[in-house]
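Asks: Quick one, structure for this:
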Amino acid sequence: MQILITGASGRLGQFVIRELETEGHSLVLMSRRNPPDEFAHLPFIQGDLNNFEDCQRAVEGVDAIQHLGAQPNPVDHPDLRADAAEKGIPFDATFKTNMLGTYYLMQAAIEADVQTVVMCGSNCALGHGFRISKTHIPIDYLPLDEEHPCYPEDSYSFSKRCGEDLLASYTRAYGIRTYVTRPAGISPEERRNQMKVNAKPTTSWTPWLWCWVGSEDVASAHRLLMEKADTLPPHGVYFLNADDTSALEPSQELVERFKPELLPKIRTLQAHQSFINCDKLKSAVGWRHETSWRE
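Replies: Numbers count the residues shown, from 1 in each chain. All right, here's what the predicted structure looks like:
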């Protein structure tokens, strides 16, 4: 299978490249920056998702796309805008790249008769992070799953939530298979080691819900969704995080201490169980989370 990987030079890209190459897939890399020297043997297209012609060049002759390219935070957020401006990042970069760039890529994919797109979304689609209003989202039940309502406020969370609907619209219109993951706190080995070293007793509730996922585990999920697309519904959205939290304390204890009003909404929280449920992904493709920060 010939696969295009967008955002190939990003933090997740190297893990997806290794995962797919190990399984014998032919890869084409696309990014604004050159990928690491480790992947110099692979075809590379230097391009920008915000340029439709670049997207057209990149998708030529590919069967599937692993869409990882994105602006990873809301650069127009009141708390982030000044820092982004100092770095020369336009205030609208998040919305342009994550929405318009994905639109361009999907348009090019349809023209090139691409069969499957797997996109790296975010658990931020829930709207629980980057809260401009500084309020917490309403939580209907715990653990959360894909059926829970979303309440995005910022451009990043909004773009990730709308990206899901954008891909669904292409599936309805053209029959292309599209799948979106919602990873949380993507963590390579060095970050997991830091989590272990820096772990301290919890002193307050976090809207981020202590969720995380190993980079290698994201890569395996993306491979499985692509390889097993023919066995899945034509479109799907899947939470993607570790089975446990990044907290030292058991999950129910965290609720009891910091959010007791949520106790009646707990369906099950055993030991360090994650506040976000990934059973949908596990059932769909047999995915399992393998990495750990506790060992």
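
Asks: Could you report the neighbour count for the closest residue in space to residue 111 that isn't next to it in sequence?
Replies: Of all residues not flanking residue 111 in the chain, residue 56 sits nearest, at 6.9 Å (Cβ to Cβ, 6 or more residues apart in numbering). Where C-beta positions appear, they are placed from N, C-alpha and C, glycine not excepted. For residue 56, the tally of surrounding residues (other Cβ atoms under 10 Å) stands at 17.

Asks: Would you tell me what helix or strand residue 56 is located in?
Replies: helix 52-59 (DSSP states H and E).

Asks: So what touches whatever helix or strand comes next after that helix?
Replies: Note on helix 52-59: by DSSP H and E, the next helix or strand toward the C-terminus is strand 64-67. Judged by Cβ atoms under 8 Å, 6 or more residues apart in numbering, the contacts made with strand 64-67 from elsewhere in the structure are 1-7, 16, 20, 59, 102, 105, 109, 114-120, 222, 226, 229.

Asks: Using PyMOL, make a named selection holding only the buried ones among the residues you listed.
Replies: The command below creates a PyMOL selection of those among the contacts of strand 64-67 that count as buried (16 or more other Cβ atoms under 10 Å):
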select buried, resi 3+4+5+6+7+16+20+59+102+105+109+114+115+116+117+118+119+120+222+226+229
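
Asks: Just the contacts of strand 64-67: which are in strands?
Replies: The strands in this structure, assigned by DSSP state E, contain 2-6, 116-120 from the contacts of strand 64-67.

Asks: For the stretch 151-295 of the chain, give me the ranges with low pLDDT.
Replies: Under the criterion of pLDDT under 70, none of the stretch 151-295 of the chain is flagged as low confidence.

Asks: what packs against the helix holding residue 56?
Replies: Counting by 3 or more Cβ pairs under 8 Å, 6 or more residues apart in numbering; DSSP states H and E, the packing neighbours recorded for helix 52-59 are strand 2-6, strand 26-31, strand 44-46, helix 102-111.

Asks: Same list (those) but as a markdown table, adding mean pLDDT and distance to residue 149.
Replies: Written out in a markdown table, the entries for these read as follows (pLDDT from 0 to 100; distance: least, Cβ to Cβ, whole Å):
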| stretch | mean pLDDT | distance to residue 149 |
| --- | --- | --- |
| strand 2-6 | 99 | 29 |
| strand 26-31 | 99 | 34 |
| strand 44-46 | 98 | 39 |
| helix 102-111 | 99 | 23 |
